[in-house]
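K.L.:
Structure of the sequence below:
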Amino acid sequence: MSAQNLETTNIGKPAPLTIVVIGAGNRTAKYLHYILNHPDEAKIVGVVEINDLRRQNVAKEAGLKVSQCFRDIDEFFLDPVKADAVLICTPEHAHFRPAMLALDHGYHVLLEKPIAQSLEECRAIAEKANSRGLTVGICHVLRYHPYFRKFKELVDNGELGKIVSVDHRASVGLDRATHSYVRGIFNREKKTNPVLLSKCCHDVDFLVWLIGSKCRRLSSFGSLRWFTSEAAPEGAAERCINCSIEDTCPYSAVNLYKRRGEWTKNFDVPAGSTLAEVVDRELESGAFGRCVYHCDNDVVDHQVLSMIMEDDVTVNLSMDFFTLEDHRITHVCLTHGEIYGDESKITVNDFRNRTTTVYDFSDLEGTPFHAGADLEIIRDFVNTLRMRNHAALLTDINDSIESHRICFNADVSMKRDVSIG
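P.N.:
Sure, this is the predicted structure:
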């Protein structure tokens, strides 16, 4: 069903957007929260998910019939459910094919980042959407977050002149890093993407959006410095639960999942089991119980990226696993002032009148749904389609491809490893 066929109610208001969910993990749960609480705007009419428990949970929450539930995309696209759009929240390696099939069948698409596993695939999705008059939105959450939107507003109002340079630091944090990029599903590049794209395409997208210019040239360096078998300390066992030095290890899975009980929300808990039992099984035999020095990971654990944009703005981005907290720090230097932010406060120094203004966002720390940004993504997509104003979408794929182009080329630059004499 294309955009031109979107229905209206008998009182002239746009009918709720009908959506099929493809992939029913953590990200879907966030978007589902908005849809279920705004039935006048959107409605789930189908779910495609290979995991029985997750598929059944979505079906129960959305009140779906058996005929609206599918195990995989091949089953679904044999006789697809009539709907306006699909929401694709599958793992990164499973973005391209369902996106292309959805566009072939006339669905609009809201696609989790990263778009795909190569720049060619990213462009192919965009080209097909454009040729068919369909919308593809990409879930770049920072564009919807109040803190980052304030950054954009402060730059765009022109009061501090023009941007000269930007320094941006993405601190991943040890817990997120070991959970997702050492033990977890993002730990191998071929299974997912280069880590700069998997973790920091949000950051690169924010920088491109903030500056309003494309990259002209870049250089990047990084490596897998620490989470290797060569770096393992004496006494390190294959699994944390059997390790003699576990209680002093900063990367202990026992400490993360069992003692502290953190990063366990994505663990599926089958009927009749408890989360504690699932955690124990992971520690004993699952991927998340492995020693960080003895995993199959190959993505880098630190990387720097330097760019010069088409308008001669220079940009430095640093991504690092080895921080206690996961947060971002941004410093923008402009001709008439500077802006510094640490995700808690934004400090603005005006050079002309020597004044300092502080914007405090500390009350947003830890608030659900990335301070509401997750909900704003789905709201924007739904209402953009309902109002038939596709140009209004804040994260259209045609804009999002630039961040992916940068990340893919940064990976090429990093692996080139040109030494100096």
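K.L.:
Could you tell me how many residues sit around Leu53?
P.N.:
Using other Cβ atoms under 10 Å, Leu53 has 12 other residues around it. C-beta: built from backbone N, CA, C; applies to glycine.
K.L.:
give me every residue that touches it.
P.N.:
Shown in contact with Leu53 (Cβ atoms under 8 Å, 6 or more residues apart in numbering): Asp268, Pro270, Ala271.
K.L.:
again, but for Pro39
P.N.:
Pro16.
K.L.:
Give the other helices and strands that whichever strand or helix holds Val304 contacts.
P.N.:
Using DSSP states H and E, Val304 falls within strand 302-309. Packing contacts for strand 302-309, counted by 3 or more Cβ pairs under 8 Å, 6 or more residues apart in numbering; DSSP states H and E, involve helix 195-211, strand 215-223, strand 314-320, helix 397-416.
K.L.:
related to what we said a few turns ago, out of the contacts of Leu53, which one sits closest to Arg176?
P.N.:
Distance to Arg176 across those (Cβ to Cβ) is lowest for Asp268, with 19.5 Å.
K.L.:
do you know how far the closest one is from Ala231?
P.N.:
In this view, Asp268 and Ala231 are 32 Å apart by Cβ to Cβ, to the nearest Å.
K.L.:
can you tell which of the helices and strands packed on strand 302-309 is closest to Ser67?
P.N.:
Closest to Ser67 of these is helix 397-416 (Cβ to Cβ; 31.0 Å).
K.L.:
Mind listing residues that contact that closest one?
P.N.:
111, 113-116, 118-119, 122-123, 125-126, 129-130, 136-138, 140, 193-194, 196-197, 200-201, 204-205, 208-209, 214-215, 218-222, 300, 303, 305, 307.
K.L.:
Phe186 falls within a helix, correct?
P.N.:
No - counting by DSSP: H, G, I helix; E, B strand; the rest coil, Phe186 is not part of a helix but coil.
K.L.:
ok, it - how many residues close by?
P.N.:
The number of residues packed around Phe186, counting by other Cβ under 10 Å, is 21.
K.L.:
ditto for His370
P.N.:
Using other Cβ under 10 Å, His370 is surrounded by 18 other residues.
K.L.:
And for Glu159?
P.N.:
Neighbours of Glu159 using other Cβ under 10 Å come to 13.
K.L.:
ok, it touching Asn349?
P.N.:
No - the criterion here is Cβ atoms under 8 Å, and Glu159 misses it with Asn349 at 11.9 Å.
K.L.:
For Gly46, give me its contacts.
P.N.:
Val20, Val21, Leu64, Gln68, Cys69, Phe70, Phe76, Val81, Ala83.
K.L.:
and with 6 Å instead?
P.N.:
Val20, Gln68, Val81 (Cβ atoms under 6 Å, 6 or more residues apart in numbering).
K.L.:
following the one helix or strand it maps to, which helix or strand shows up next?
P.N.:
In this structure, Gly46 sits in strand 42-48 according to DSSP H and E. The first helix or strand that comes after strand 42-48 along the chain, using DSSP H and E, is helix 52-62.
K.L.:
so that next one versus strand 42-48, what angle?
P.N.:
Counting by axes from the mean of the first three to the mean of the last three Cα atoms, to 10 degrees, helix 52-62 lies at 160 degrees to strand 42-48.
K.L.:
circling back: which of the helices and strands packed on strand 302-309 has the highest mean neighbour count?
P.N.:
A comparison of the helices and strands packed on strand 302-309 by mean neighbour count, using mean count of other Cβ atoms under 10 Å, puts helix 195-211 on top with a mean of 24.
K.L.:
Strand partners (parallel or antiparallel) of the strand holding Gly46?
P.N.:
Under the criterion DSSP bridges, strand 42-48 sits next to strand 17-22 (parallel), strand 69-70 (parallel) in its sheet.
K.L.:
Flag every buried residue along the helix or strand following the longest one.
P.N.:
If I follow you right, that is strand 17-22. Downstream of strand 17-22, the first helix or strand assigned by DSSP H and E is helix 26-37. Buried residues in helix 26-37, defined by neighbour count with 16 or more other Cβ atoms under 10 Å: Arg27, Thr28, Ala29, Lys30, Tyr31, Leu32, His33, Tyr34, Ile35.
K.L.:
ok, of these, which one's closest to Val292?
P.N.:
Distance to Val292 across the buried residues of helix 26-37 (Cβ to Cβ) is lowest for Arg27, with 24.9 Å.
K.L.:
Isn't the closest one up against Cys89?
P.N.:
Yes - the criterion here is Cβ atoms under 6 Å, and Arg27 meets it with Cys89 at 4.4 Å.
K.L.:
can you list residues touching both of the two?
P.N.:
Joint contacts of Arg27 and Cys89 (Cβ under 6 Å, 6+ apart) are Glu112.
K.L.:
Tally up the residues packed near Ala124, please.
P.N.:
Applying other Cβ under 10 Å, we find 17 residues neighbouring Ala124.
K.L.:
Against Val304, how distant is it?
P.N.:
From Ala124 over to Val304 (counting by Cβ to Cβ), the distance is 30 Å.
K.L.:
Quick one: the helices in the stretch 251-400 of the chain, in order.
P.N.:
253, 275-285, 368-371, 373-386, 397-416 (DSSP state H, counting those that start in this stretch).
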